[in-house]
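Student: What shape does this take:
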Amino acid sequence: MSNVKLVWATPQIDTVLGYIARVSNPANQDNPNVAGLLSYMEREGHVSPFTMANLCVEVNTTRRIGRQMLRHWSIAPQEFSQRYQDVNSLGDFTILECRMQDSKNRQNSLECDDQATGDWFQWAQQKHIDQSKAFYQEAINRGIAKEQACTFLPEGNTPSRLYFNGNMRSWIHYLRSRLHPSTQKEHRQVALEIAKIFQQVAPITFSAFFKDVELV
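Tutor: Predicted structure coming up:
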């Protein structure tokens, strides 16, 4: 199960963004009313000021979802290294729910309504995890380097911890992409947790860009 934590954010993000956006209007730069301004910027595509504030989060998820997040290259990552540390220090491996392939959309999956198939998928994952961990531990016990031993670990189940630091413009792009229904469900759940933090630290900006997103 993935979870996301706030590490740090630029103080008073909404106010800072409004102040910087009014750089060409010095007489009105200290105006605290920024809701209309930020909504106008979103509507007109004036997004460069949103590079002036940052958000950093800790993401605990699987290696597979981490790989998808790393594709957003404008958000700087730092990840738990399997070269230096035993992966068991991050806690339990993840058992994924069973979903079926959508025959009409290769990028979509459907809920599984067959109990036997669901049970088999859960059992097979646990068996695979147990065997993989046994091989991994045996390799460590034999003195094989962790960077080599981790070859046994299943990416979809193995836990990882990542830190992502990005400006608000990058996070807006990320959330617009990864909150979309076409994103893998497990990744959407991570994006939703990031969106909650985004709303916490920059509620006016969030409202301007994600007014139709329900954070449930």
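Student: starting at the chain centroid, how far to the worst-scoring helix or strand of the chain on mean pLDDT?
Tutor: Least confident helix or strand of the chain, by mean pLDDT, DSSP states H and E, is strand 109-111 with a mean of 93. Relative to its chain's centre, strand 109-111 lies at 21 Å (CA atoms, centre = their mean, to the nearest Å).
Student: Point out the other helices and strands that that strand packs with.
Tutor: Strand 109-111 sits against strand 99-101, with contacts defined as 3 or more CB pairs under 8 Å, 6 or more residues apart in numbering; DSSP states H and E. No exception for glycine: its C-beta is placed from N, CA and C like everyone else's.
Student: The strand it packs on packs against which elements?
Tutor: strand 109-111.
Student: Give me the contacts around the strand it packs on.
Tutor: If you take CB atoms under 8 Å, 6 or more residues apart in numbering as the criterion, strand 109-111 is touched by 99-102, 184-185.
Student: Name the nearest of those relative to residue 83.
Tutor: residue 184 (26.5 Å; CB to CB).
Student: so how far is residue 51 from residue 65?
Tutor: 26 Å (CB to CB, to the nearest Å).
Student: more crowded one of these two?
Tutor: residue 65 (22 against 15; other CB atoms under 10 Å).
Student: for that one, what are its contacts?
Tutor: By CB under 8 Å, 6+ apart, the neighbours of residue 65 are 2, 184, 186-187, 190.
Student: now residue 213
Tutor: By CB under 8 Å, 6+ apart, the contact list for residue 213 reads 179, 195.
Student: Rounded mean pLDDT for the helix ranked longest in the chain, please.
Tutor: Ordering each helix of the chain by length in residues (DSSP state H) puts helix 115-141 first. Taken as a whole, helix 115-141 carries a mean pLDDT of 97.
Student: how far does it sit from the chain's center?
Tutor: 25 Å.
Student: Quick check: buried residues in that helix?
Tutor: 118, 121, 125, 129, 132-133, 136, 139-140 (16 or more other CB atoms under 10 Å).
Student: again with stretch 15-25
Tutor: 15-19, 21-22.
Student: can you check stretch 50-68 too?
Tutor: 50, 52-57, 59-66, 68.
Student: now that stretch: mean pLDDT?
Tutor: On average, stretch 50-68 scores 97.
Student: farthest residue from the center of this structure?
Tutor: For the chain, the largest distance from the centre (CA atoms, centre = their mean) belongs to residue 27, which lies 39.6 Å off.
Student: Would you agree it falls within a helix?
Tutor: Yes: judged by DSSP: H, G, I helix; E, B strand; the rest coil, residue 27 forms part of a helix.
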